[in-house]
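In: After the sequence you'll find the predicted model.
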Amino acid sequence: MIGFISYLVNGISLGSVYAIIALGYTMVYGIAKMLNFAHGDVIMIGAFVVFSTVSGAGLPPVVGVLISVVACTLLGMAIERIAYKPLRKASKLAVLITAIGVSYFLQNVALLIYGANTKSFTSVVSIEPITLADGAMVISGETIVTVIACIIIMIGLMTFMKYSKAGRAMLAVSEDSGAAQLMGVNVNSTIAMTFAIGSALAAIAGVLLCSSYPSLTPYTGSMPGIKAFVAAVFGGIGSIPGAFIGGILLGVIEILGKAYISSQLADAIVFAVLIIVLLVKPTGLLGKQIQEKV
Amino acid sequence: MKTRNLSKLTKSNFITYGIVIAAYIIVEIFLRAGMVSSLLEGLLVPLCMYVILAVSLNLTVGISGELSLGHAGFMCVGAFSSAIFSKCMETVLPVAGIRFFLAILIGTAFAALFGVLIGIPVLRLKGDYLAIVTLAFGEIIKNVVNVVFLGRDSRGFHISTKDSISLGLEKGGEVIIKGPQGITGTPKDSTFLIGVILILITLFVVINLINSRTGRAIMAIRDNRIAAESVGISVTKYKLLAFSVSAALAGTAGVLYAHNLSTLTALPKNFGYNMSITILVFVVLGGIGNIRGSVIAAVVLTLLPELLRSLNDYRMLIYAIILIVTMIFTSSPGGREIQERIKLFFKKKKTKEA
Amino acid sequence: MALLEVKNLGISFGGLRAVDDFNLTIEQGELYGLIGPNGAGKTTIFNLLTGVYKPTDGYIMLDGENITGKKTTEINRHGIARTFQNIRLFSELSVLDNVKVGLHNHYPYSALTGILRLPKYFRVEKEMNEKAMELLKVFGLDKEADYKASNLPYGQQRKLEIARALATGPKLLLLDEPAAGMNPNETQELMKTIRFVRDEFHMTILLIEHDMKLVSGICERLTVLNFGQVLTEGETTAVLHDPKVIAAYLGE
């Protein structure tokens, strides 16, 4: 029983990382309607920035994380400005291929700077673990920080979307960018801001992910990126609570699958659950149903 | 009027076949003359494989208009099913030609079967949802193959997901799939010539399918599903048909791949979503729905990183930049304007010269 | 026996009753108009007749067969073809191929026959081409056979849609605002074409239209729809002079 609970806690911890990435992903998807394959690689860049500043330059972890968030925010905005903005009206496939190009680009930049060898990431969390049930169960500091960070981010995002002018502008653009523009919303800056927020979240996710799973390579981000998208789809893409629920569920399924079924099949189980959910509810758990007008 | 149209079409298709045959002859001459580096020679069969994959994926993405990111999964099915067959038949059927022919049929048929089985549930989904679900299926296939142990002895086949020992084979029994270590000792039956023949067959199938009643129905559904239904076209049937033919041909490419290596393993590199994406890049850069474009893009983009080899670590970076720049140049309003200007510039030059 | 018989047809979207207790009888060879103010539910009725929506009540009989709740594809095979308010052509296909898709179910050969280019392929394709060109000629589109459908001017796109619908060999043709976006000359020409189609193909036609000139010019009988319900029905001139109809149109 205690074993199960500690797996569950690990699952929620990993799920919180997925949820943070998925929150960024779902916002970007909602507004740009694109599969941003480069999103996962921003996670990796975020982790490398912390690796350089904290392990390399010896700065305090908090400073390193701040630098990473700022760097990824700027990176996200730059990617949007250079690669995606010119393709606003292009076909979905053209944008998808560009995103793949950006993903390759980021991976290879990291490869050039850091090499292909796995870097051992030093956790930025210095909170003492909590020991429960006479030492039979330990909840690590990373888990505590990750879960709390995820909850704060989700509540923060929901508040931001609901009550701030910029947040409502984002909702408006994702609903109908043409109409939003006519109502005086600056679509370009709204999209840029969405990318900025999404990338900042990716940086935080990268740091938290590598603090719990401390091996870092230029390809570290791509699978979590894909899984976060799966989480976003799972919960209903475009929905913030959906991304949160999807992320947590995904993490829990993955860890429990690893523990009780097969460690090699954990990913397959995650994907199988996604397929089943989509076949039963094609727009995800909390997604809206849209019907084509004839 | 119509006859002219038909002959124009036939001509265009013959050019595509011609390009493939001409390329084969040229490469063969260079090979005979010993002018091809061993590195490039080793790339010839993979090159054929990539062409087949690109052409077959274009059937799904370009002709049927469905975004699939699981093409490598079907390739994986073709590769493993045919490799199992070849390995089992190596002693029974020592004639490589017949054995390989049957292996191709088996790999293709199994991939087609998977295409149907996966297509039935997923083709109801659209756009990015379909993309992510096909990606998921591709990953599942790859992961499952990695945990399977398959052995054979006098009592027949044994399967396990643990390890070779739990197969409980008799003495003299043989382990065929060793989980993550895959299949070793598949006969190396793939040759450049067979690769080119398979390309030609793939082109024949895809081009003739497109230019038939079936192809028209598939494209009609792509252009306007509701209108297609209103004229009595069965959407499910034709979507599934396109998807499974596409899967079958990916399986053919998988057979070629499996019989070109002494060890066949399912890695993220060869059967993961990254492979599916690589092929999708060929299709998009070659032109959606443009079959000849897929052939050319597959060749050029496979060779490009090799040609950039002297640039070492920078080559994939350059590849990435080329990809981004090409997409912006071909698909953005600004890029199109530049294209128009270049065209205009050359036109002016021509008229001046004349 | 009437060709089309619709009884007590109704559909609700959520709580909204879009069509309620709709009845319609059309005889073989009739040219029938369905009119009504915007949002009255005319297109919804077309969508019900063609199986895009499943009715919540009532039934639809076509030529003695009950087609209620059948799929769009099956309904077309039973003999209803339609055009759309917002034109829906196969935009990337040629004009000729658009019509050939319409002929699809009447000229069968298997996918394998097509791939292997068996003799049957060439024979059937030739027949299809001839039949399609014949249809295109009726609509004056034969010279544009090789054009990409999306490159046709608007008026011709509407005609091509009708040609494609006719290619499926329907018993009943539904036209959803065929004159929308046409200038008076084009409308005149369209009226001629519709009449020609009725006479030449012995077609029964039900059309939705806002252009009263066209409606009074070619429709023999009308049903007026308002707020999802039948306001009145009958012979064209009588209906158009009905004070109730005038009131509905003027929004009183």
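Out: Cool, the structure landed.
In: Around residue 222, count how many other residues there are.
Out: Using chain A. Neighbour count of A:S222, defined by other C-beta atoms under 10 Å in any protein chain shown: 23. C-beta: built from backbone N, CA, C; applies to glycine.
In: not what I meant, chain C
Out: C:L222 has 25 neighbours, counted by other C-beta under 10 Å.
In: what's the distance between it and chain A?
Out: The gap separating C:L222 from chain A is 23 Å, by C-beta to the nearest C-beta, to the nearest Å.
In: dump the residue contacts of that residue.
Out: Applying C-beta atoms under 8 Å, 6 or more residues apart in numbering or on different chains, we find C:L222 in contact with C:32-35, C:215, C:233-236, C:239-240.
In: Now which of those would you call buried?
Out: C:32-35, C:215, C:233, C:236, C:239-240 (16 or more other C-beta atoms under 10 Å in any protein chain shown).
In: Mind telling me what element the spatially closest residue to A:N108 that is not a sequence neighbour is part of?
Out: Computed as C-beta to C-beta, 6 or more residues apart in numbering or on different chains, the closest residue to A:N108 that is not its neighbour in sequence is B:L317, at 4.2 Å. In the assignment (DSSP states H and E), B:L317 maps to helix B:315-331.
In: in that helix, what's buried?
Out: Applying 16+ other C-beta under 10 Å to helix B:315-331 flags B:315-317, B:319-320, B:323-324, B:326-328, B:330-331 as buried.
In: can you check stretch C:39-47 too?
Out: C:40-47.
In: what sits up against that stretch?
Out: Outside stretch C:39-47, the residues touching it (C-beta under 8 Å, 6+ apart) are A:294, C:9, C:11, C:18-19, C:22, C:24, C:34-36, C:52-53, C:82, C:85, C:174, C:176, C:208, C:225-228.
In: Tell me the spacing between B:I159 and B:F30.
Out: 46 Å (C-beta to C-beta, to the nearest Å).
In: B:F80 now?
Out: From B:F80 to B:F30 the distance is 33 Å (C-beta to C-beta).
In: Which parts of the chain are strands?
Out: Unless you meant another one, I'm taking chain A. For chain A, applying DSSP state E gives strands covering A:119-120, A:130-132, A:137-139, A:215-216.
In: nope, chain B please
Out: B:149-153, B:156-160, B:174-178, B:183-184, B:263-264.
In: In a markdown table: those strands, plus distance to A:I226.
Out: Below are the strands of chain B laid out as a markdown table (distance: least, C-beta to C-beta, whole Å):
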| stretch | distance to A:I226 |
| --- | --- |
| strand B:149-153 | 27 |
| strand B:156-160 | 29 |
| strand B:174-178 | 26 |
| strand B:183-184 | 27 |
| strand B:263-264 | 24 |
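In: Including mean neighbour count and distance to C:K143, could these go into a markdown table?
Out: Shown next, in a markdown table, are the strands of chain B (neighbours: other C-beta atoms under 10 Å in any protein chain shown; distance: least, C-beta to C-beta, whole Å):
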| stretch | mean neighbour count | distance to C:K143 |
| --- | --- | --- |
| strand B:149-153 | 20 | 63 |
| strand B:156-160 | 14 | 64 |
| strand B:174-178 | 20 | 62 |
| strand B:183-184 | 20 | 60 |
| strand B:263-264 | 19 | 57 |
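In: Of those, which is nearest chain C?
Out: Distance to chain C, taken as C-beta to the nearest C-beta, is lowest for strand B:263-264 among those, at 29.6 Å.
In: elements contacting that closest one?
Out: Secondary-structure packing of strand B:263-264 (3 or more C-beta pairs under 8 Å, 6 or more residues apart in numbering or on different chains; DSSP states H and E): helix B:71-89, strand B:183-184.
In: For chain A, see how far away C:L250 is.
Out: Taken as C-beta to the nearest C-beta, the span from C:L250 to chain A is 28 Å.
In: Let me see the contact set for that residue.
Out: Residues near C:L250 by C-beta under 8 Å, 6+ apart: none.
In: And the pLDDT at it?
Out: Predicted confidence (pLDDT) for C:L250: 70.
In: Low-confidence bits of chain B, can you list those?
Out: Within chain B, the stretches with pLDDT under 70 are B:1-7, B:350-354.
In: Now the residue in it that chain C sits nearest to. Nearest residue, chain neighbours left out?
Out: Closest to chain C within chain B is B:S212: 2.8 Å, counting by C-beta to the nearest C-beta. Closest residue to B:S212 apart from its sequence neighbours, by C-beta to C-beta, 6+ apart: C:G114 at 2.8 Å.
In: Can you report how many residues neighbour that neighbour?
Out: 22.
In: For the buried ones among the contacts of C:L222, could you give me JSON lines that also reports secondary structure?
Out: Formatted as JSON lines, the buried ones among the contacts of C:L222 follow (DSSP: H, G, I helix; E, B strand; the rest coil):
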{"residue": "C:Y32", "secondary structure": "strand"}
{"residue": "C:G33", "secondary structure": "strand"}
{"residue": "C:L34", "secondary structure": "strand"}
{"residue": "C:I35", "secondary structure": "strand"}
{"residue": "C:V215", "secondary structure": "helix"}
{"residue": "C:E233", "secondary structure": "strand"}
{"residue": "C:T236", "secondary structure": "helix"}
{"residue": "C:V239", "secondary structure": "helix"}
{"residue": "C:L240", "secondary structure": "helix"}
